[in-house]
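# structure for this input, please:
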Amino acid sequence: MGTQRPPGLTKRGGTWHIDKLYRGTRIRESTGTGDPAKAQELLIKRIDQIREARLFGVRKDRTFRAAATKYLLENQHKRSIGNDAWLLRQLDPYIGGTELRNVHMGTLQGFIAKRREDGVKSKTINAALATTRRILNLASTEWIDEQGLTWLDRAPRIKLSPITDARRPYPLSAEEQAMLFRELPDHLTRMALFKVNTGCREQEVCGLKWGHEVKVPELNTSVFIIPGDKVKNGQDPLVVLNRIASSVVESLRGLHPEFVFVRARRGKAAKPLTRIYNTAWKRARERAADKWAELKQETAPVGFRHVRVHDLKHTFGRRLRAAGVSFKDRQDLLGHKSSRITTHYSQAEWSSLIAAAERVCETDSHKTPATAWLRTTTC
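Next comes the predicted model:
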């Protein structure tokens with residue numbers, strides 16, 4: 001073929017890409033190769049598939065990558081679409097280029113084995129398998145091509161693994177909390193302190209906006225009501241502020257016009273924060289565990305050395321229960337899904353929830369004075 005560019009093929013970044021209109025059908029995909037002969041073979045194969053589909057009703061071969069792309073484009077409304085995209089990126093090296101009809105438990109074994117080798121928990125592996133199963137089911141039932149055929153004749157059975165390695169929650173003691181929070185940078189300390197006093201999920205804290213704040217003048221306080229499309233269970237969670245959480249909010253007021261939790265540096269505009277669990281968190285928990293071992297002359301608990309951000313929510317729940325807060329109030333304060341409409345409380349109910357949240361402040365308060373954590377808002 002010499003140096004002449006094959007018709008319908010374009011080379012970008014060392015890889016040939018197909019971009020061709022054949023009998024009204026657009027063929028557009030990467031060939032995955034820099035070899036022009038192999039690229040042209042794939043193009044010819046795609047043209048033959050279209051011809052056969054028109055003549056005999058034969059399904060066009062599509063890769064799992066093409067199906068995954070369609071799935072992501074059609075589900076932008078999902079609250080968890082970012083997580084789905086992350087899972088599909090993990091899967092792509094193993095089955096991305098595999099034709100849909102050849103994706104099954106056998107072809108997924110390499111992905112499963114590698115993730116287990118990397119120490120990934122079964123729950124995370126299952127999430128990727130469940131997303132794969134969803135895509136294959138859609139391809140075999142709802143996605144119809146121009147010939148009136150589903151993308152896939154029949155979806156294979158994708159079996160999830162039993163979860164036997166789930167990590168148990170690790171609620172922090174007051175002493176452990178103090179050690180950990182002292183090691184965190186200021187911006188993470190504020191977020192963690194708010195989280196352990198409200199029970200919010202990580203993304204609820206990161207996405208908290210001043211527009212979510214609702215004043216309760218009768219009680220001389222305010223609460224936050226987060227839109228349901230921003231949270232896991234789809235309901236509008238109520239965030240009740242005890243005096244510690246309220247002091248955190250007030251320390252941040254005025255730093256940013258939209259987001260509550262930001263990182264403010266001298267001479268720079270405040271920047272919204274997107275994560276709590278990051279390298280700084282991991283290093284802080286290691287230092288805290290080392291100091292525990294030094295102080296106690298014994299190995300720090302494994303759960304403390306590997307404490308997760310979500311453990312702060314469990315800590316809040318445990319402290320509510322220890323303070324004698326009722327199950328119903330604990331549900332509301334933790335944002336658990338229930339049949340109650342949490343945005344329509346009476347003043348008496350507001351008072352009850354705020355009082356319940358305040359009881360957490362009293363738990364071991366002599367060991368963890370709230371004001372100790374409110375440092376400067378710039379660093």
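# how about low-confidence regions in the stretch 201-350 of the chain?
Along the stretch 201-350 of the chain, the parts satisfying pLDDT under 70 run over 228-235, 337-347.
# where along it do the helices fall?
Chain-ordered helices for the stretch 201-350 of the chain, with DSSP state H, counting those that start in this stretch as the definition, fall at 202-206, 243-252, 279-296, 302-305, 311-322, 327-334, 347-362.
# make JSON lines out of these and add distance to residue 74 and mean neighbour count.
From N, CA and C alone the C-beta is placed, and that goes for glycine too. Shown next, in JSON lines, are those (distance: least, C-beta to C-beta, whole Å; neighbours: other C-beta atoms under 10 Å):
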{"stretch": "helix 202-206", "distance to residue 74": "23", "mean neighbour count": "19"}
{"stretch": "helix 243-252", "distance to residue 74": "38", "mean neighbour count": "19"}
{"stretch": "helix 279-296", "distance to residue 74": "34", "mean neighbour count": "15"}
{"stretch": "helix 302-305", "distance to residue 74": "40", "mean neighbour count": "16"}
{"stretch": "helix 311-322", "distance to residue 74": "32", "mean neighbour count": "20"}
{"stretch": "helix 327-334", "distance to residue 74": "33", "mean neighbour count": "17"}
{"stretch": "helix 347-362", "distance to residue 74": "39", "mean neighbour count": "17"}
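# would a markdown table of those helices with distance to residue 79 be doable?
Conversion of the helices of the stretch 201-350 of the chain to a markdown table gives the following (distance: least, C-beta to C-beta, whole Å):
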| stretch | distance to residue 79 |
| --- | --- |
| helix 202-206 | 9 |
| helix 243-252 | 24 |
| helix 279-296 | 23 |
| helix 302-305 | 29 |
| helix 311-322 | 18 |
| helix 327-334 | 18 |
| helix 347-362 | 25 |
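# what residues does stretch 306-316 touch?
With contact meaning C-beta atoms under 8 Å, 6 or more residues apart in numbering, stretch 306-316 is reached by 167, 169-172, 176-177, 180, 192, 195-202, 276-277, 281, 285, 303, 333-334, 360.
# next: stretch 26-45.
Everything outside stretch 26-45 that qualifies as a contact, by C-beta under 8 Å, 6+ apart, is 1, 6, 8-9, 11, 14-21, 46-47, 50, 61, 63, 66, 97.
# please pick the buried ones from those.
8-9, 16-18, 46-47, 50, 63, 66 (16 or more other C-beta atoms under 10 Å).
# in CSV, list the residues you listed along with pLDDT.
CSV is the format used below for the buried ones among the contacts of stretch 26-45 (pLDDT from 0 to 100):
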residue, pLDDT
8, 86
9, 91
16, 91
17, 91
18, 91
46, 83
47, 84
50, 76
63, 94
66, 94
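# among the residues you listed, which are in strands?
Here DSSP state E is the test, and the buried ones among the contacts of stretch 26-45 give 9, 16-18 as lying in strands.
# would a markdown table of the residues you listed with distance to residue 124 be doable?
Formatted as a markdown table, these follow (distance: C-beta to C-beta, whole Å):
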| residue | distance to residue 124 |
| --- | --- |
| 9 | 39 |
| 16 | 35 |
| 17 | 33 |
| 18 | 34 |
